[in-house]
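Colleague: need coordinates for the following:
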Amino acid sequence: MAFSDVRNKYQAIGRLGGPLKEVGNDRYVFSIAVSDGAGKDRKPFWPSFFVSGQAAEFMNKYCNKGDLLIVEARYVEWEGKDGSRKNSFDAVSVSKLGGGREEGQEQSRNSGNSGNSG
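Modeller: Presented below is the predicted three-dimensional model:
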C-alpha cells in the first residue's frame, strides 16, 4: 500500500462521559470511556473529541452521559497561541448505539474547523 492510500481516521466505541462543553463559537468538546485491556487488567481510556455543526446539535439533543457511541474522527495538529504544537481529534461522525428514542441516529458533518481552538 502506498503512503498516499493511508487515511487520517480514528474510530472509537465508548460511553459518553458527560454533556458537551462549549469551547468556542459552536465548538464543543466531549470524552468517551473506551476499554483498554481485558479481564482484571481492563482500564478505561478517555479520548477527547472536538465537535461542531450538525453533529454537535445531534449530541446536545439526543445523547446523555453513559450512552454508547461510535465516534469517527480525524487527527489534527496546529500551533497554539503560545507557539506550542497542539493536537486533537475532530469528530466527523457520531452514532448512538442501543436504547433511546433515536437509536442508530447518525450525523456525519463537521463545520470544517480544524482544531485551532487555542
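Colleague: so the residue nearest the centre of the chain is in which element?
Modeller: Residue closest to the average C-alpha location in the chain (Cα atoms, centre = their mean): residue 49, at 3.5 Å. Element membership for residue 49, per DSSP states H and E: strand 48-52.
Colleague: got the buried residues for the helix or strand following that strand?
Modeller: Next helix or strand after strand 48-52 toward the C-terminus (DSSP H and E): helix 53-62. Neighbour-count burial for helix 53-62 flags 53, 55-56, 58-59, 62 (criterion: 16 or more other Cβ atoms under 10 Å). Glycine gets a C-beta too; all of them are placed from N, C-alpha and C.
Colleague: quick one: helix 53-62 to strand 48-52, angle?
Modeller: Helix 53-62 and strand 48-52 are oriented at 110 degrees to each other (axes from the mean of the first three to the mean of the last three Cα atoms, to 10 degrees).
Colleague: so which elements touch helix 53-62?
Modeller: If contacts are counted by 3 or more Cβ pairs under 8 Å, 6 or more residues apart in numbering; DSSP states H and E, helix 53-62 sits against strand 27-36, strand 85-97, strand 106-107.
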